[in-house]
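[1] Give the three-dimensional model of this entry:
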Amino acid sequence: MKHLVAALVLLYAASAGFAQMKIGHINSEAIMQNLPEAVDAQRTLDALVANWEAELQKMQADWKKKYDEYDKRKLILTEQSRAKEERELRELDQSISDYRNRKFGQNGELFQKQNDVMKPIQNKIFKVLEDIAKDDNFDYIFDKSGDILLLYATSKYDLTETVLRRMQSFGK
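    Next up, the predicted model:
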């Protein structure tokens, strides 16, 4: 019974504390989709990825063609020639794997390019959010497009449009 009373007191105190806080929310996904510079940056990244994927597919098609040629002739090849072609196929396979890791790996060029292109935009958004929070006395601003579960949010405190408007005049 003591625990129940303590829990109720804590719940009341917490709700009284929340009543004094001002909480807003944004949809960062909607901001990124409606911000021209973010759309252009994403388009640039998409084109880069498409080029790299096309190159990867060409390399894989070349490997497949060489493997098929080897497979047709392997019974008539000398042991030395067969070993040489198998080594070339392994080297080609390794170069495909290296290319994939260099472009799409954990610290690959795509990761670096995303950081170079998107990080300045994200920094601007955070700066604008910080300004809005300070100007309008918000204590917390949540992003409802991420992993944070926001079960209910009144549109009165949705700052997405405000961020977009301020992003258009940012630095001008």
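
[2] Quick check, central residue of this structure?
    Centroid check for the chain by C-alpha atoms, centre = their mean gives residue 114 as the closest residue, at 8.0 Å.

[3] isn't that one right up against residue 44?
    No - in this structure residue 114 lies outside contact range of residue 44 using C-beta atoms under 8 Å: 10.3 Å. Where C-beta positions appear, they are placed from N, C-alpha and C, glycine not excepted.

[4] Following the chain onward from the longest helix belonging to the chain, which element is next?
    When the chain is parsed with DSSP state H, its longest helix is helix 36-73. Heading C-terminal from helix 36-73, the first helix or strand you meet, by DSSP states H and E, is helix 79-104.

[5] Report the inter-axis angle for that following helix versus helix 36-73.
    Calculated by axes from the mean of the first three to the mean of the last three C-alpha atoms, to 10 degrees, helix 79-104 forms an angle of 170 degrees with helix 36-73.

[6] check which helix or strand covers the residue nearest to the centre of the chain.
    Going by DSSP H and E, residue 114 is in helix 109-135.

[7] where does this protein have low pLDDT?
    1-19, 148-154 (pLDDT under 70).

[8] check contacts around the closest residue to the residue nearest to the centre of the chain other than its chain neighbours.
    Once flanking residues are discounted, residue 114 sits nearest to residue 45: 6.2 Å by C-beta to C-beta, 6 or more residues apart in numbering. Applying C-beta atoms under 8 Å, 6 or more residues apart in numbering, we find residue 45 in contact with 110, 113, 114, 117, 118.

[9] What is the helix holding residue 114 packed up against?
    strand 23-26, helix 28-34, helix 36-73, helix 79-104, strand 140-143, helix 160-168 (3 or more C-beta pairs under 8 Å, 6 or more residues apart in numbering; DSSP states H and E).

[10] how far off helix 79-104 does that helix point, in degrees?
    10 degrees.
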